Each structure stands twice: as C-alpha cells, then as structure tokens.
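>>> pasted the sequence and its predicted model underneath.
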Amino acid sequence: MVRFLRPLLRGTTYTRLLHLWVPMLVVSVWMFIHMSSPWVPAAVLLVVGLIPAVRRGEGVQARLLLTPGEPEPDSESAISVAPSASWRDRLRTVLWLEVRMALGAVTTGASVWLPLTSVDLVRAATGYFSDDNPFLPTAQPHWVYALLAPLPLLAFYGVVVGLGELITAAAHSLLGPSPSERLAALEERTEQLLERSRIARELHDSIGHALTVAVVQAGAARAAGDPEFTDRALGAIEETGRAALEDLERVLGVLRESDRPVGSRPALTDADRLLDSARASGAKVDAELTGPLDTLPGPVSREGYRILQESLTNVLRHAGSVPVRVRVAFTDGTLVLDVRNPLTALIPGPGRGSSGLRGIRERAALLGGQAWTGVEQQTGEWRVRVELPAREGGVRPATRLGRRYGKGGRSPRNRSRRLGAALGAGRRG
C-alpha cells in the first residue's frame, strides 16, 4: 500500500501533470476564439515543430518538468536541449508536439470529469443528481453511490501517474540526441580519455623517474660511506627532484587550464638532462644522438623524450648500475630510439610487462609507430626499440601496436586492441 501511494509524495508526479496541462492552455484560448475548429492548434503544431529552436525549448521544458532534480544523463536516451540540426530532428519534434497535445487532452479531460464524477457520486447518495454529468443516470438516492465515490479518484490517480511515465518515455525517445549529437558526445568522451591517458603517462614517467633516481642515489650513498660521493648524490637527488616538481607543475597546469599550450613540455632536445641524471645514478650510459632532433615535430619530440625517460627509469629500477647503450637517430623521416642493457636477476621476463612498458607501446601506437620491448635472443640483452614516423606535415595516424621480442613473439592481445589502446588507456592509467 505504501509503495502504491509513493508517487503522491514525489514532486515529479505534479510537475509532469503540469507539463501535460501546459499545451492545453493554448487550446483553451483557441476554443474561446473558434469553438467549432478544435483541430486548428494541432495543424499549427505541424509548422511550429519545423522551427529548429522549438526543439531546444521543448527539451528545456522536458528536463525541468519531467525529470526535475536528476543529473544530466550520458546515455543515448538523454533529453537533448540542442536545436534541430536536420530534417529528421524537425520531424521528431513535430511528432513530439502532437503526442504531447494528445496526452495533454486526455489528462485535462480526466482532470475535469473524474473528480467531478466523484463529487456527483457523493451528492447522488444524498438524493441530488446532476444533469451535467453523463456518467450518472437519474435514479433513486442510495448509499452505494458513496461507496463508489473513491473509484473515479483512483482512476484519476492512475491516469496522472501513468501518463506522466508515458510522456517521459516519449520525451526520451523523441527529444533524445540525434546521431550527430551522439557522435559528437562520443568524440568528446574519447578526447577526455586520451587526455586522461596522456596526463597519467606524464605523471608516471616524470615522477617515477625522479623517485627511481632518488632511491638509487640514496642507496649508493649509504653503501659507499664516502662524504664526497654522498654530497654528489644529494646534489643529483636535489636536481632530479626540482626537475620532477617542474614537470608536475606543468601537468597540473594542464588540468587547471584546458587551453594551456603544451610547448613547454620537455622534448628530445633536453635529452642530455636525462642522460646526466642516469649517469649520476651510477649507470654507465653510452649515448649517441644523431640527426636534426631540433626539427622533429613537437608531438614526436615530446613523446620521444618520455619514451627515453621511461626506458632509462626501467634500467635503473630493475637492473641498477649497469652499462646502458642509448641510440637516438632521426633519418629519412623516422625517429628511432634504441636502449639496451645487460640482463640481471631483477629484470622481469617477457610477458611480465609493467605499466611503463605498456605506456611506451601506447605512445608509439598513438603516433603511428611501433615499439619492441623484451629480451633480444641474439645478444641476451634487454632492449627497447621504438620507431616513430616524423615526416614533414605531421605524423601518420596510428596503425598498430608494438610487438615484443622473446618467446611470446607478437602479442595477439595487442593486435586486437589497435584502437582500444587509445580509448582505454585512461582507465588503465
């Protein structure tokens, strides 16, 4: 019983009733002007619904009165507040107006006759019969009429609740987003996921590199027990921490200001800073940078910097102070980054790739390049090799994700997620 009467306590029930009454106000005004032509308002709606702005007005009313207090949904059944952008939207708006007027006429009739019938039943029990109510025949007064009086009110209650649900469903269907609006929403959602993925990779690479260098330096200083070496280690930790704070401030700036330029992000022209930081951490870095790196397109140069940073971070984190060979070459419109280091007992085997390695492959895929990470069988070294297209006029669109060296060969999972890597990276972080 309580569940049955619960709609009476919801404000939505009454705002929906008001929404159904509103179009009948116009009809009532017309009926005063020309009583014999009640079809004219319905005919006028056929023309009014073709006006693009009408769809926006109807959407605002529907959201305000049919779904008050509810957050704007992201589903395909959301009520749109955009004007008509195509003839299909206009025809849907016309159909909506006609449906709204028809349901409004039914609701208005029920709102008048059903409560009056209940009142007349009570009066009929006392011997008074109204000639204006066609539902009650003229008969002798009887107490049974008083028992029947609540029935019209229950019917009116059912009409109000039922038609309120029906008009809301019609609004979601006829005033819902058009295919072009759904496509625009999907593109916006994709852009947000890509931006979240990029920010997550920026934080992972920058902060992860700084913490790795700090941990390695602190451990080496404690083991050495040399005051001079400790001073150098503290200086390296300070410099790395300061650079990490600058990177963090840049990333947080992107979050705070959506139109903030990305040109201030580090690029491959700043690779010396990474190499010096790795050397200061004890790694013996043999680096060779060839080609006009300063002419690289901005996205390629910035992503190449992050790939190199993550590669060196993985060496320090998993292998420690070992010889590292770094080759960065820009020739024939292709940027090649190759980082190798000897295997140690701490190196993870192929197939146990971390989020950093996954981020390297995703960065390469988004730029239309390829990435290989794993153990090279011929030399027994851990190797990260990335090829990025960097031709004039921009980069190629993403084609496929990278592959791995080692027993696993090509990864079917990666091949099946060519676009999924870009769209789902935001959830994987």
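It's in.
>>> counting neighbours, what do you get for residue 116?
For residue 116, the count of nearby residues is 16 (other C-beta atoms under 10 Å). To be clear about C-beta, it is placed using only N, CA and C from the backbone, and glycine gets the same treatment.
>>> just confirm it is within a strand.
No: membership of residue 116 in a strand is not supported by DSSP: H, G, I helix; E, B strand; the rest coil, which gives helix.
>>> next one, pLDDT for it please.
Listed pLDDT for residue 116 reads 85.
>>> and the residue most central in space within the chain, how far from residue 366?
Here the mean C-alpha position of the chain is nearest to the C-alpha of residue 189 (C-alpha atoms, centre = their mean), at a distance of 3.6 Å. According to C-beta to C-beta, to the nearest Å, residue 189 and residue 366 sit 17 Å apart.
>>> hang on, the earlier thing: host element of the residue nearest to the centre of the chain?
Counting by DSSP states H and E, the secondary-structure element that holds residue 189 is helix 179-224.
>>> might you list the low-confidence residue ranges for the stretch 201-350 of the chain?
201-202, 205-206, 209, 247, 249-264, 345-350 (pLDDT under 70).
>>> just the strands in it please.
Secondary structure of the stretch 201-350 of the chain (DSSP state E, counting those that start in this stretch): strands located at 284-290, 323-331, 334-342.
>>> JSON lines for these, including distance to residue 52?
Below are those laid out as JSON lines (distance: least, C-beta to C-beta, whole Å):
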{"stretch": "strand 284-290", "distance to residue 52": "57"}
{"stretch": "strand 323-331", "distance to residue 52": "51"}
{"stretch": "strand 334-342", "distance to residue 52": "48"}
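>>> do you know which of the ones you listed lies nearest residue 170?
Residue 170 sits nearest to strand 334-342 of all the strands of the stretch 201-350 of the chain, at 56.1 Å, using C-beta to C-beta.
>>> strand partners (parallel or antiparallel) of that closest one?
For strand 334-342, the paired strands and their directions (DSSP bridges) read strand 323-331 (antiparallel), strand 381-389 (antiparallel).
>>> centre of the chain to it, how far?
On the basis of C-alpha atoms, centre = their mean, to the nearest Å, strand 334-342 is displaced by 35 Å from the centre of the chain it belongs to.
>>> sorry, back to before: buried deepest among the strands paired with strand 334-342, which one?
The highest mean neighbour count among the strands paired with strand 334-342 belongs to strand 381-389 (a mean of 22), with neighbours defined as mean count of other C-beta atoms under 10 Å.
>>> show me the contact partners of that one.
Under the contact criterion C-beta atoms under 8 Å, 6 or more residues apart in numbering, strand 381-389 has outside partners 300, 303-304, 307, 311, 314-315, 319, 333-343, 347, 357, 360, 364, 367-376, 395-396, 402, 405.
>>> okay, now the domains of the protein?
Structurally, the chain divides into domains by automatic domain parsing as follows: 2-177, 182-428.
>>> just say which of the ones you listed is most tucked in.
domain 182-428 (a mean of 17).
>>> ok, back up a step: okay if I get the strands paired with strand 334-342 as a markdown table plus distance to residue 87?
Written out in a markdown table, the entries for the strands paired with strand 334-342 read as follows (distance: least, C-beta to C-beta, whole Å):
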| stretch | distance to residue 87 |
| --- | --- |
| strand 323-331 | 52 |
| strand 381-389 | 42 |
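>>> could you dump stretch 291-301 to CSV, C-alpha only?
Provided in CSV are the C-alpha atoms of stretch 291-301 (Å, rounded to 0.1, in the frame of the first residue of the first chain):
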residue,chain,number,x,y,z
GLY,A,291,70.2,13.7,-36.9
PRO,A,292,68.5,17.1,-36.6
LEU,A,293,66.5,16.4,-33.5
ASP,A,294,65.5,20.1,-33.2
THR,A,295,63.5,19.8,-36.4
LEU,A,296,61.3,17.0,-35.1
PRO,A,297,57.5,17.7,-35.0
GLY,A,298,56.5,18.7,-31.4
PRO,A,299,54.4,15.7,-30.6
VAL,A,300,57.1,13.2,-31.8
SER,A,301,59.8,15.0,-29.9
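>>> helices of the chain, residue ranges please.
Listed in chain order, the helices of the chain (DSSP state H) span residues 2-5, 11-33, 40-48, 52-65, 87-125, 144-148, 150-174, 179-224, 227-256, 271-280, 298-318, 355-366, 412-415, 420-428.
>>> could you dump those into TSV and include distance to residue 79?
Listed next are the helices of the chain as TSV, based on distance: least, C-beta to C-beta, whole Å:
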stretch	distance to residue 79
helix 2-5	27
helix 11-33	12
helix 40-48	19
helix 52-65	5
helix 87-125	11
helix 144-148	40
helix 150-174	6
helix 179-224	11
helix 227-256	30
helix 271-280	52
helix 298-318	38
helix 355-366	35
helix 412-415	39
helix 420-428	26
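>>> and residue 78, which of the ones you listed is closest to it?
For the helices of the chain, distance to residue 78 was read as C-beta to C-beta. The smallest value, 7.5 Å, belongs to helix 150-174.
>>> what is the mean pLDDT for the closest one?
91.
>>> relative to helix 87-125, how tilted is that helix?
With axes from the mean of the first three to the mean of the last three C-alpha atoms, to 10 degrees applied, the angle from helix 150-174 to helix 87-125 works out at 180 degrees.
>>> report pLDDT for residue 58.
91.
>>> that one touches residue 95, doesn't it?
No: counting by C-beta atoms under 8 Å, residue 58 sits too far from residue 95 to count as a contact (11.4 Å).
>>> show me whatever sits in contact with both of those two.
With the criterion set as C-beta under 8 Å, 6+ apart, the contacts of residue 58 and residue 95 do not overlap.
>>> any idea how far apart the tips of stretch 82-92 sit?
One end of stretch 82-92 sits 13 Å from the other (C-alpha to C-alpha, to the nearest Å).
>>> who's in contact with that stretch?
Contacts made with stretch 82-92 from outside it, assessed by C-beta under 8 Å, 6+ apart, are listed as 49-56, 59, 93, 174-175, 177-178, 180-181.
>>> and stretch 231-247, by the same measure?
With contact meaning C-beta under 8 Å, 6+ apart, stretch 231-247 is reached by 202, 206-207, 209-211, 213-214, 217-218, 220-221, 266, 273, 277, 280-281.
>>> next: stretch 288-303.
If you take C-beta under 8 Å, 6+ apart as the criterion, stretch 288-303 is touched by 262-263, 265-269, 271, 304, 326-331, 335, 363-364, 366-367, 388-390, 394-395.
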